[in-house]
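Visitor: Fold the following, please.
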Amino acid sequence: MAIVIESLEHEVGSTTLAQVRHGRFLFNALVNGKQSELQRLLGHECLVELGFEKVVSWRIAAGFKDEDSCIKASADVPGGICVTGAVHSVMPISSGVSLVDMYLQTGPEFLCIESTELGGTVPLVGTGLEVTLLGLCFYPTHF
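Guide: All right, here's what the predicted structure looks like:
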């Protein structure tokens, strides 16, 4: 599974605000592309890459199982999107900074986060992680 673009709302620069579905969750997010380009993706599963502006909160997801992976609207942060997945890999890039790669089994999608966005925490590979993001944007891998 990937995302399904259910409807297109309006363009925001080079992106379009859309209602998307990830698994059983329906929410609004930006999708890279103009409405005219995205029209043919309506109602179809679409493999995507993920980008975001900011991590606003995070937590270790105790008792995490792969089937818990999801992308959904945040219940706590207006306009926020909650992404839950497992830490797939950690790659140090400089002194005290690592890239944390999250994997969402239900996608399949990957989300890369700098450890600085997690307050300097570097979770272990296999750890369940829940992050709340602002400015989530989906980038379709093909049109």
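
Visitor: Counting by contacts, list what the strand or helix carrying L26 packs against.
Guide: L26 belongs to strand 25-32 when elements are defined using DSSP states H and E. When contacts are defined as 3 or more Cβ pairs under 8 Å, 6 or more residues apart in numbering; DSSP states H and E, strand 25-32 sits against strand 3-12, strand 15-22, strand 70-73, strand 137-140. Quick note: C-beta positions are derived from backbone N, CA and C, even for glycine.

Visitor: Let's have those in a markdown table, adding distance to E117 and mean neighbour count.
Guide: Formatted as a markdown table, the helices and strands packed on strand 25-32 follow (distance: least, Cβ to Cβ, whole Å; neighbours: other Cβ atoms under 10 Å):
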| stretch | distance to E117 | mean neighbour count |
| --- | --- | --- |
| strand 3-12 | 22 | 16 |
| strand 15-22 | 21 | 20 |
| strand 70-73 | 17 | 19 |
| strand 137-140 | 16 | 19 |
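
Visitor: Tabulate the ones you listed in CSV, adding columns for mean pLDDT and distance to N32.
Guide: Shown next, in CSV, are the helices and strands packed on strand 25-32 (pLDDT from 0 to 100; distance: least, Cβ to Cβ, whole Å):
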stretch, mean pLDDT, distance to N32
strand 3-12, 96, 10
strand 15-22, 96, 5
strand 70-73, 96, 16
strand 137-140, 94, 5
